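>>> Below are the sequence and a predicted model for it; my questions follow.
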Amino acid sequence: MARAIWNGAVIAESDETVIVEGNHYFPPTAVKREYLRESATHTVCPWKGTASYYDVVVEGNVNKDAAWYYPEPKEAAKQIAGYIAFWRGVRVEA
């Protein structure tokens, strides 16, 4: 079971993550949306496509752009479409 934890809160939990480049991508249904806030940030990966970001917010504390996902990934990354990964201090335990 993989868990994403920040500021004492379990943000996501699943035994069905997909690991890409060392990152656990959590199924959308495994993520507690109350801890996510849409961000205007986007980045481009040459083989995965355009990523969108969320801020992670726990008890009023904001971790800017600490979660990302690929809403419409390229064919090579289609298995992570909509799945959410974490960084910037969000601890993922597997």
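Received the coordinates, thanks.
>>> Now stretch 57-67: average pLDDT?
When pLDDT is averaged along stretch 57-67, the result is 98.
>>> CA atoms of it as CSV?
As requested, the backbone C-alpha atoms of stretch 57-67 are provided in CSV (Å, rounded to 0.1, in the frame of the first residue of the first chain):
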residue,chain,number,x,y,z
VAL,A,57,-3.4,22.4,1.3
VAL,A,58,-3.5,20.9,4.8
GLU,A,59,-4.9,23.0,7.7
GLY,A,60,-4.3,26.2,5.9
ASN,A,61,-0.7,25.4,5.0
VAL,A,62,0.0,25.5,1.2
ASN,A,63,2.5,23.4,-0.6
LYS,A,64,2.5,25.1,-4.0
ASP,A,65,2.5,22.8,-7.1
ALA,A,66,3.2,19.7,-4.9
ALA,A,67,1.0,17.4,-7.0
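>>> next one: phi and psi at Ala76?
When read as degrees, to the nearest 10, the backbone of Ala76 gives phi -60, psi -20.
>>> Ok, Val20 next?
Main-chain dihedrals, Val20, degrees, to the nearest 10: phi -130, psi 130.
>>> which residues touch the closest residue to it other than its chain neighbours?
What sits nearest to Val20 in space, not counting adjacent residues and going by Cβ to Cβ, 6 or more residues apart in numbering, is Ile80, at 5.9 Å. The C-beta positions use only the backbone N, C-alpha and C, and glycine is treated the same way. Neighbour list for Ile80: Val18, Val20, Tyr25, Lys48, Tyr69, Tyr70, Pro73 [criterion: Cβ atoms under 8 Å, 6 or more residues apart in numbering].
>>> Nearest to Val58 among the residues you listed?
Tyr69 (18.6 Å; Cβ to Cβ).
>>> Which of the helices or strands spans that closest one?
Under the criterion of DSSP states H and E, Tyr69 resides in strand 61-69.
>>> now the very next helix or strand once past that strand: mean pLDDT?
Going down the chain from strand 61-69, the next helix or strand is strand 84-86, by DSSP H and E. Averaging the model's pLDDT scores along strand 84-86 yields 98.
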